[in-house]
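Engineer: what shape does this take:
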Amino acid sequence: MGRQHWKRIWVGSAGNMVEWFDWFVYASFATYFAGAFFPSGDPTARLMNTAGIFAVGFFMRPVGGWLLGRVGDRKGRKAALTLTVTLMSASAILIAVAPTYAAAGYGGALVLLVARLLQGLSVGGEYAASATYLTEASDPRRRGFASSFQYVSMTAGQIVGLGLQIILQRTMSDSALHSYGWRIPFVVGALGAAVVFYLRRSMLETELYEEDTSRAEERGTLRALWRHRREAFLVVALTMGGTVAYYTYTTYLTKYLSNSAGLSKQTATLVSFTALIVFAALQPLAGALSDRIGRRPLLITFAVGSTFLTVPIMTLLKHADGYWPALGLTLLALIVVTGYTSINACVKAELFPTGVRALGVALPYALANALFGGTAEYIALWFKKAGIESGFSWYVAGCAAVSLVVYVTMRETKDLDLARVKDVQGAGEGSGESSLTTAS
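Structural biologist: Prediction:
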């Protein structure tokens, strides 16, 4: 890969990191600010309230996917990526200054809700714009490797957030963190977004987008996407298992270890921090492997592992009595999840032609996340409150099993020429069959 390709990947990934720092900081600091906005009820009930607002952000993602996916296809990947980071900066500032229940009653919770809606709008477009940009900007022989940096940057954002949390936990008292310390990461996120906004203003557009010959009025429209509805449904189905597993072992894990396994918040945070560093390092290796052996083998490995190992791993994690047992089990889970996360961005982008690629990835992916990823934590806490916590593990395994069927039956996309995907799609249109959704 040339220097120019690396520069594009860096700029795209840097913005993605800040986007997901802000997105995940909400989840990782929820145990500290839950009482500030929802003071009544037991700890699990307060976490359910904050998790509910977290899930609401996901339900804005389809709107963001449609709106910003359309911008990405009609105005360019650069325009969409610049807009997403602007929205994320605004949402981080809102959370940083939101008044508490003591100062404004539930007015503070309303500000929190508005901020999460803005975050959902932003992230709904960021994923697709970033996935499309990283896939199109890379060497065709190394698309898996290049696009894996999307989850490297996503995970890096969470690592930075958890690292900041560890620092604050060791430099501030618990009462100070609950009082005002939780606002600090949102201020950091807003400043980081401002830096990325500056970087993205000078980023280069991809050649594939600039050379696209599709009709301007057709780009990024729902009408154009409907012609590729089989691929859109495929994105929803192949995302289902992966997004539930990913959010289970990242955003929910710290709460699970402290709220269910009984580990201290500091230990639970350190487990997540260490595991995510290893997880981020695995992404490019798995992405490069997919460039050699294909995307399907990795996806199938993930789905089989998640289907059969989720219940044992979650059961053992609940009884983990220290840092090392919890870390070992978490690493095992994240190694399995790597089969999905390392390549899902390029797999989705490879399904659509240039003129509808951003929207084609954004809208169905956002819908899948709204239905499965965004609700994972809330469902987990609901099972716990109902006294049947193990039911959530079976739910995660069941979602992976559904995606397994899709991975087994879908066609390999590794060798597709992105500039000619339109011709491949067109060949399937007349007969009513997609050439990408049937196994060879």
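
Engineer: pLDDT below threshold where in the chain?
Structural biologist: 1-2, 40-42, 45-47, 54, 422-440 (pLDDT under 70).

Engineer: grab the nearest non-local neighbour of residue 82.
Structural biologist: The shortest distance from residue 82 to any non-neighbouring residue, by CB to CB, 6 or more residues apart in numbering, is to residue 200 (4.7 Å). Heads up, the C-betas are built off the backbone N, CA and C, glycines and all.

Engineer: count the neighbours of that neighbour for me.
Structural biologist: Neighbours of residue 200 under the rule other CB atoms under 10 Å: 21.

Engineer: what sits against it?
Structural biologist: 11, 15, 78, 81-82, 85 (CB atoms under 8 Å, 6 or more residues apart in numbering).

Engineer: how about it, phi and psi?
Structural biologist: phi -70, psi -20 (degrees, to the nearest 10).

Engineer: out of the contacts of residue 200, which comes closest to residue 32?
Structural biologist: Closest approach between those and residue 32, by CB to CB: residue 85, at 25.5 Å.

Engineer: wait, isn't that closest one in contact with residue 199?
Structural biologist: No. Using CB atoms under 8 Å, residue 85 makes no contact with residue 199, being 9.1 Å away.

Engineer: between those two, tell me which one has more neighbours.
Structural biologist: Using other CB under 10 Å as the criterion, residue 85 and residue 199 rank with residue 85 on top: 25 against 17.

Engineer: so which helix or strand takes in that one?
Structural biologist: helix 77-97 (DSSP states H and E).

Engineer: how far does that helix sit from its chain's centre?
Structural biologist: Taking CA atoms, centre = their mean, to the nearest Å, the mean C-alpha location of helix 77-97 is offset from the chain mean by 16 Å.

Engineer: again with stretch 171-191
Structural biologist: 24 Å.

Engineer: run through who's touching that stretch.
Structural biologist: Counting by CB under 8 Å, 6+ apart, 18, 21-22, 25, 29, 32-33, 35-36, 88-89, 92-93, 95-97, 161, 164-165, 168-169 sit against stretch 171-191.

Engineer: mind listing the strands for the stretch 151-300 of the chain?
Structural biologist: For the stretch 151-300 of the chain, no strands turn up when DSSP state E, counting those that start in this stretch is the criterion.

Engineer: any chance you could map the helices in it?
Structural biologist: 174-179, 184-201, 207-210, 222-226, 229-249, 253-259, 265-293, 296-318 (DSSP state H, counting those that start in this stretch).

Engineer: dump those to a markdown table, plus distance to residue 410.
Structural biologist: Putting the helices of the stretch 151-300 of the chain into a markdown table (distance: least, CB to CB, whole Å) gives the following:
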| stretch | distance to residue 410 |
| --- | --- |
| helix 174-179 | 46 |
| helix 184-201 | 33 |
| helix 207-210 | 23 |
| helix 222-226 | 19 |
| helix 229-249 | 6 |
| helix 253-259 | 29 |
| helix 265-293 | 14 |
| helix 296-318 | 7 |
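
Engineer: intersection of neighbour lists for residue 85 and residue 199?
Structural biologist: Listed as contacting both residue 85 and residue 199 by CB under 8 Å, 6+ apart are residue 15.

Engineer: hmm, back to that, can I have the buried ones of the contacts of stretch 171-191 as a PyMOL selection?
Structural biologist: Here is the PyMOL command that picks out the buried ones among the contacts of stretch 171-191, judged by 16 or more other CB atoms under 10 Å:
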select buried, resi 18+21+22+25+29+32+33+35+36+88+89+92+93+95+96+161+164+165+168+169
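
Engineer: tell me how far the closest residue to residue 99 other than its chain neighbours lies from residue 52.
Structural biologist: Leaving aside its chain neighbours, residue 99 sits nearest to residue 108 (4.4 Å; criterion: CB to CB, 6+ apart). Separation of residue 108 from residue 52 (CB to CB, to the nearest Å): 15 Å.

Engineer: which one's more surrounded, the two?
Structural biologist: Remark: of residue 108 and residue 52, residue 108 carries more neighbours, 20 against 16, as counted by other CB under 10 Å.

Engineer: quick one: residues contacting the more buried one.
Structural biologist: 36-37, 98-101.

Engineer: before we move on, back to that, from residue 241, how far out is the residue nearest to residue 99?
Structural biologist: 36 Å.

Engineer: ok, which stretches of the stretch 1-150 of the chain are strands?
Structural biologist: Under DSSP E, counting those that start in this stretch, the stretch 1-150 of the chain gives no strands.

Engineer: residues in contact with residue 419?
Structural biologist: Residue 419 touches 208, 211, 354, counting by CB under 8 Å, 6+ apart.

Engineer: can you tell me which of those are buried?
Structural biologist: 208, 354.

Engineer: out of the contacts of residue 419, who's nearest residue 237?
Structural biologist: residue 354 (23.2 Å).

Engineer: what's that closest one in contact with, if anything?
Structural biologist: 136, 208-209, 212, 214, 418-419, 421-422.

Engineer: swap the cut-off to 10 Å and go again
Structural biologist: With contact set as CB atoms under 10 Å, 6 or more residues apart in numbering, residue 354 has these partners: 73, 132, 136, 206, 208-214, 219, 418-419, 421-422.

Engineer: could you single out the nearest of those residues to residue 246?
Structural biologist: For those, the nearest to residue 246 is residue 132 (19.7 Å; CB to CB).

Engineer: what sits against the closest one?
Structural biologist: Per CB under 10 Å, 6+ apart, neighbours of residue 132: 12, 69, 72-73, 77, 80-81, 147, 206, 208-209, 345-346, 348-349, 352, 354, 357-362, 418.

Engineer: try it again at 6 Å.
Structural biologist: 77, 349, 357-358 (CB atoms under 6 Å, 6 or more residues apart in numbering).

Engineer: mind giving me the ChimeraX command for buried ones among those residues?
Structural biologist: What follows is the ChimeraX syntax for the buried subset of the contacts of residue 132, where burial is set by 16+ other CB under 10 Å:
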select :77,349,357,358
